[in-house]
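1. Pasting the sequence and the predicted model now:
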Amino acid sequence: MRLTVLGGGGFRIPLIYRALLDDRGEGRVTHVTLHDLDASRMATITRVLAEQAAGVPDAPGVSVTTDLDEALTGADFVFSAIRVGGLEGRAVDERVALEEGVLGQETVGAGGIAYGLRTVPVADHIARRVAALAPGAWVINFTNPAGMVTEAMSRHLGDRVIGICDTPAGLGRRVARVLGVDPAAVSLGYAGLNHLGWLCAVRVDGRDLLPGLLHDDAALVSFEEGRLFGAERLRAIGAIPNEYLHYYYFHDETVAAARAARQTRGAFLAEQQRRFYAHPGGSALALWNSALLARESTYMAENREAAGAGERESRDLDAGGYEQVALALMRAITLDERATLILNVRNRGSIAALDDDAVVEVPCSVGAGGARPLAAEPLPSHARSLVTGIKATDRAVIEAATTGSRRAALLALAVHPLIDSVTLARRLLGRYERELPQLGYLRGRS
């Protein structure tokens, strides 16, 4: 089986390859094609992969190309993990928003909108090329903002593009651990959008264990989401939110913590990766492992500081998770191994408040025919309003990115609940246009 990875010079690619090396089953990936516009970054990553593969029999072959059409031709699966504008663009997203007093996170609020505005046009082009050159391929999207990008690609690829994220699975593992049950035996009632979801039920043998957990203070504060949100807040919600909901429920606190930090997350990662990719010699794998540990240990540091949640637990520092979701998804499709995975797919009635074509993040039944969304758990009332509001923002971004409408871009910013101001939206859009050359397509368009 042939896998093409778009964004093949990205820092997290060795996580994917490590999972492929560990897979010895039938239908395994035998060849990986890396595609990236930056050949030098791919050269560094291929050094890491070569060290990973050393001594592993029948390790998947690796080839590289900067030509998109070449990369797509003959692919069975296409894994999209691109970052348009690089980490330098992310640093701009964050800095501009924080200077205006609102959140600048990578996928949430003003920063997520700016990221989407420069990413969706590229993702739209990729989807068109996949449809033309590899119509039988399955696209697994991890490019952020993942739900928005998956929905944009689905307009050309239909159900053959599936978005993945590791946060719902990570939340499920932590909750199962606290409850003392095998994660494989748990049925998660999870619903929402990417980075905007809630765990509403945790069933074992048909019995929902979540109500008991919500009334156990000691258990609730024993895992990361419980410490982030607090037992009282979780009981009021009646569910356990995805960690990214902290940006909504504690917006002012996280903005204050981010503004007080020495540098934004994007600036930190950009500086770290400049050092990694410029490394002149020695073990590329050892340097990558060191950088990865620093990256994971500082993940959502401002949120934990704002909540007084302390440092991440060592058992949560085993980076990755999304690559395991991707591997499980590929195996289920290739071998028709029935699996239930939380994925980003078209709604098809799963969440009643949204239309059928809206991409949602819900449990899906996966097999040879792809991923079919299951009926989602009812969302708390405030969650329904958040989901519909953020979906409106996503669609305004997609409209702007595919038509060049500056009006739609302004609307996306103005209606987002963490901005909610036309005046502020105008300032943000003007600044992003000046500092992000990728947004030049909006200028002069109504």
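-> Noted; the coordinates are in hand.

2. just the strands in the chain please.
-> 2-6, 31-35, 61-65, 77-80, 138-141, 161-163, 187-193, 196-204, 207-208, 240-241, 339-346, 359-367, 370-373 (DSSP state E).

3. Can you tell me the strand partners of the fourth one and which way each runs?
-> Strands adjacent to strand 77-80 in the sheet, as given by DSSP bridges, are strand 2-6 (parallel), strand 138-141 (parallel).

4. next one: the third one
-> Here strand 61-65 has these sheet partners by DSSP bridges: strand 31-35 (parallel).

5. Report the buried residues of the partner strand.
-> Neighbour-count burial for strand 31-35, counted by 16 or more other CB atoms under 10 Å, picks out V32, T33, L34, H35. (Glycine included, C-beta is placed from N, CA and C.)

6. Tell me the spacing between L442 and V181.
-> As judged by CB to CB, to the nearest Å, L442 and V181 stand 50 Å apart.

7. Which one's more surrounded, the two?
-> Taking other CB atoms under 10 Å, L442 and V181 do not tie; L442 has more neighbours (22 against 15).

8. could the strands paired with strand 77-80 go into CSV alongside distance to G101 and mean pLDDT?
-> What follows is the strands paired with strand 77-80, written out as CSV (distance: least, CB to CB, whole Å; pLDDT from 0 to 100):
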stretch, distance to G101, mean pLDDT
strand 2-6, 35, 97
strand 138-141, 32, 98
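
9. Indicate which one of those is closest to W288.
-> strand 2-6 (16.0 Å; CB to CB).

10. and A375, how far is that from R203?
-> In this view, A375 and R203 are 14 Å apart by CB to CB.

11. Repeat that for L188.
-> 8 Å.

12. cool, M330 as well?
-> With distances taken as CB to CB, M330 is found 27 Å from R203.

13. what does Q324 give?
-> Applying CB to CB to Q324 and R203 gives a distance of 22 Å.

14. so what's I13 up against?
-> V5, G7, L34, I45, V48, L49, A81 (CB atoms under 8 Å, 6 or more residues apart in numbering).

15. tell me the pLDDT at it?
-> pLDDT, I13: 96.

16. cool, and A39?
-> 96.

17. what's near enough to touch the residue nearest to R128 when sequence neighbours are not counted?
-> Distances taken as CB to CB, 6 or more residues apart in numbering place H156 nearest to R128, at 5.5 Å, with adjacent residues excluded. For H156, the contact set (CB under 8 Å, 6+ apart) comprises D124, A127, R128, V130, A131.

18. Tell me the one among those nearest to A284.
-> Distance ranking of the contacts of H156 against A284, using CB to CB, places V130 first at 30.5 Å.

19. Could you tell me how many residues sit around the closest one?
-> Applying other CB under 10 Å, we find 26 residues neighbouring V130.

20. And the one 5 residues further on, by the same measure?
-> Counted with other CB under 10 Å, residues neighbouring P135 total 9.

21. Tell me the spacing between G369 and W138.
-> Look at G369 and W138: by CB to CB, they are 11 Å apart.

22. Tell me the buried residues in stretch 66-78?
-> Using 16+ other CB under 10 Å as the test for burial, stretch 66-78 gives L68, A71, L72, A75, D76, F77, V78.

23. quick check, nearest of these to F276?
-> The closest of these, once distances to F276 are taken by CB to CB, is A71, at 23.5 Å.

24. give me every residue that touches that closest one.
-> Contacts of A71 (CB under 8 Å, 6+ apart): T4, L6, T33, L34, H35, T65.

25. Turn those residues into JSON lines, including distance to A291.
-> Output for the contacts of A71, formatted as JSON lines (distance: CB to CB, whole Å):
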{"residue": "T4", "distance to A291": "25"}
{"residue": "L6", "distance to A291": "22"}
{"residue": "T33", "distance to A291": "25"}
{"residue": "L34", "distance to A291": "19"}
{"residue": "H35", "distance to A291": "23"}
{"residue": "T65", "distance to A291": "25"}
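
26. Return the member of those nearest to G170.
-> G170 lies nearest to L6 out of the contacts of A71, by CB to CB, at 24.0 Å.

27. picking up where we left off before, just put the strands of the chain in CSV and tack on distance to E100.
-> Formatted as CSV, the strands of the chain follow (distance: least, CB to CB, whole Å):
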stretch, distance to E100
strand 2-6, 32
strand 31-35, 36
strand 61-65, 40
strand 77-80, 30
strand 138-141, 30
strand 161-163, 29
strand 187-193, 24
strand 196-204, 22
strand 207-208, 43
strand 240-241, 26
strand 339-346, 29
strand 359-367, 29
strand 370-373, 37
